[in-house]
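K.L.:
sequence and predicted model, in that order:
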Amino acid sequence: MKRSVDEITGSRRLRRNRRFDWSRRMVRENRVTSDDLIWPVFLIEGKNRTEPIAAMPGVERLTADKAVDAAKKARDLGIPAIATFANIPLEKRDETGSAVLDAKGVVNEATRAMKAAVPEVGIITDVALDPFTSHGHDGILRDGIILNDETVEQVARAAVVQADAGADIIAPSEMMDGRIGAIRDALDDAGHQDVAIMSYATKFASAFYGPYREAVSTGGLLKGDKKTYYLDPANSDDALRECELDIAEGADMLMVKPGMPYLDIVARVKDAFAMPTFAYQVSGEYSMIMAGAEKGFLDRDKAMMEAMLAFKRAGCDGVLTYFAPLVAELLQKGWRE
Ligand code: PBG
């Protein structure tokens, strides 16, 4: 017997709420605001210079003075924080990534300049060694092995140097065991009790980092892969165990990376720990949307804003994204989903 739709649904019709723009706005569960954005910025040495990054259309490497302009832009657009990444000359990179400890290095120079000019914008720095090593790995490499404990000592020292320069949040992305606790101890010993730690708690061994490796010039250097320290993309229980340890060691915030292919991880992490939870919409995710838009396959702004909304829906408190200034500009112009 063929039933009418009202018999099937018992007269429940979900489309009623979707009829009008005003009713959709009224029942909308998630919204994107500029407060949700963290802007990753690439740094180079020198003055008053920018460099394009071929694999990331619209993104440039900036000298510290140009980073100050970016910080002012962030402030004016209501973006709470900037995350910095260095591209230093290859001749300054060595086996142990010792340049990460250089208080006058470009990351620390940019932090000091941005904090002096725009103190109201948060500065997040990474202590991973990959932009500083001659082999492109995040840790100290010996006989083909990434040494955990030696790397932890180095990144903990780097965290203090970055905090001394004025970093507000240390975000270690190198996935060594025990790093959060070691960084917390080092910061506290140095009087930086108020400097926070955003753990890249769940960082997966992902192909979506490709364009970033061009941005920091590690792509050509990297031998092998990062599977012995980053998470296996097949695992989500392992990701929860990483979060559990990092929270116990003193992480103030957690990050999931990459973003869109890992929204299930975001949802599990937020649900399990109720911690401030961020996703990193990584370079490959950015460049896919930009390339698709350049080819006319999709609408850049709509795809970008839908992605932001998806992060919020999954449980993110914020998103690290190269789209941050574009999203904030659209929102300022009154964008509506
Ligand atoms: C490494 C690091 C990576 C990214 C930032 N820091 C991954 C990698 O090169 O293996 C990726 C960021 C992006 O793709 O946007 N510590």
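P.N.:
Great, that's in hand.
K.L.:
identify the residues contacting the longest helix seen in the chain?
P.N.:
Of all the segments assigned as helix in the chain under DSSP state H, the longest by residue count is helix 148-165. Residues outside helix 148-165 that contact it (CB atoms under 8 Å, 6 or more residues apart in numbering): 96-97, 100-103, 107-109, 111-112, 115, 125, 127-129, 138-140, 170, 172, 174, 176-179, 182-183, 185-187, 190, 192, 195. Yep, even glycine has a C-beta here, placed from its N, CA and C like the rest.
K.L.:
how much space separates the residue in the stretch 51-200 of the chain positioned nearest to the ligand from A314?
P.N.:
The nearest approach of the stretch 51-200 of the chain to the ligand comes at A128, 3.4 Å away (CB to the nearest ligand atom). Distance, A128 to A314, using CB to CB, to the nearest Å: 25 Å.
K.L.:
okay, the two: which has more neighbours?
P.N.:
A128 (25 against 22; other CB atoms under 10 Å).
K.L.:
now that one. Nearest residue, chain neighbours left out?
P.N.:
Setting aside the residues directly before and after it, A128 is nearest to E174 in space (CB to CB, 6 or more residues apart in numbering), at 3.9 Å.
K.L.:
can you pull the contacts of the one you found?
P.N.:
Contacts of E174 (CB under 8 Å, 6+ apart): V127, A128, L129, D130, D138, G139, T151, V155, Y229.
K.L.:
follow-up on the earlier one: ok, of the contacts of helix 148-165, which come out buried?
P.N.:
For these, a burial check counting by 16 or more other CB atoms under 10 Å picks out 96-97, 100-102, 107-109, 111-112, 115, 125, 127-129, 138-140, 170, 172, 174, 176, 179, 182-183, 186-187, 190, 192, 195.
K.L.:
restricted to strands, list the contacts of helix 148-165.
P.N.:
Of the contacts of helix 148-165, the ones assigned to strands by DSSP state E are T125, I140, I170.
K.L.:
for stretch 246-255, the averaged confidence score.
P.N.:
Across stretch 246-255, pLDDT averages out at 98.
K.L.:
list the contacts of that stretch.
P.N.:
Contacts of stretch 246-255 (CB under 8 Å, 6+ apart): 169, 171, 178, 180-181, 184, 196-203, 243, 269, 273, 275-280, 317, 320.
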